[in-house]
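> Have a look at this prediction, sequence included:
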Amino acid sequence: MSITLWGWPTPNGRKISVALEEMRLDYVIKPVDISKGEQFDPAFLAISPNNKIPAITDPDGPGGAPISVFESGAILIYLGEKTGKFYPADLRRRTNVLEWLMFQMGGFGPIPGQVHHFLDLKNEADRAYGLARYDKENRRLYGVMDKRLGAVEFFAHDISIADFAILGWVWRHPRHKVDLAEYPNVLRWWNQMNARPATKRGLEISFT
């Protein structure tokens, strides 16, 4: 039985489509068109009460019973636990994965998201302060990632769900006006991830 991915082609949606492809799980996509407010539909709110995409429903959950999961970080952890892939059993290694997953969830997601918001404002007076503030912090986060990737191949040494989480937001680097050439280690990692067929499928699959 297939997992259902409720989502839309956003950074958070792409995290999960990449993970599902990399883990070789059967899944179907249930589009949730956030431009039309479909995230407020009662059927979707029943599985994602915070009206945010993505969410998944898995008919073959723990103990063989169905389960729904919302919040992209929780979904990645669930899928890692379910498959035993990209989520190490060793506590030390797993903690490293969780550190970088939380780095993404708490910072490198909310911050570039604010950059996107202020870039889209038409009134220069409205956008100037917010854009300057969040663009500076966004670039600081890119610097943190670049330094890390200068020391290791992937964020938690081996490829993991942390890479899938961060990838979804680096995927939007053109939208938040970041030239990856300024962060050569991030660029190396970005190209390496995109060379993986499963990751490429996850980034390109249609949500519509």
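That came in fine, so what should we check first?
> mind giving me the domain split of this protein?
What automatic domain parsing lists as the domains of the chain is 3-87+200-204, 91-197.
> Which element, helix or strand, includes the residue of the chain positioned farthest from its centre?
The outermost residue of the chain relative to its centre, with distances by Cα atoms, centre = their mean, is residue 125 at 31.2 Å. For residue 125, the host element (DSSP states H and E) is helix 124-149.
> Buried residues, that helix. List them.
Going by neighbour count (16 or more other Cβ atoms under 10 Å), the buried part of helix 124-149 is 131, 134, 135, 137, 138, 139, 141, 142, 145, 146, 148, 149. For glycine as for every other residue, the C-beta is placed from the backbone atoms N, C-alpha and C.
> Quick check: mean pLDDT of the next helix or strand after that helix?
With elements assigned by DSSP H and E, the helix or strand that comes after helix 124-149 is helix 161-170. The average pLDDT within helix 161-170 is 98.
> Please name every helix or strand in contact with helix 161-170.
With contacts taken as 3 or more Cβ pairs under 8 Å, 6 or more residues apart in numbering; DSSP states H and E, helix 161-170 sits against helix 11-22, helix 72-83, helix 91-106, helix 184-194, helix 197-204.
> Tabulate those in CSV, adding columns for mean neighbour count and mean pLDDT.
Below are these laid out as CSV (neighbours: other Cβ atoms under 10 Å; pLDDT from 0 to 100):
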stretch, mean neighbour count, mean pLDDT
helix 11-22, 25, 98
helix 72-83, 20, 98
helix 91-106, 17, 97
helix 184-194, 17, 98
helix 197-204, 16, 98
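> Now do the contacts for residue 39.
The contact partners of residue 39, taken as Cβ atoms under 8 Å, 6 or more residues apart in numbering, are 32, 48, 51, 52, 53.
> ok, it to residue 105 distance?
Counting by Cβ to Cβ, to the nearest Å, the separation of residue 39 from residue 105 is 19 Å.
> Do you know the pLDDT at the residue farthest from the centre of the chain?
pLDDT, read off for residue 125, is 83.
> and residue 153, which of the helices and strands packed on helix 161-170 is closest to it?
helix 184-194 (7.8 Å; Cβ to Cβ).
> so what secondary structure elements neighbour the closest one?
helix 124-149, helix 161-170, helix 197-204.
> mind checking which of these is nearest residue 86?
helix 161-170 (5.0 Å).
> how far off helix 197-204 does that closest one point, in degrees?
Our comparison of helix 161-170 with helix 197-204, counting by axes from the mean of the first three to the mean of the last three Cα atoms, to 10 degrees, yields an angle of 40 degrees.
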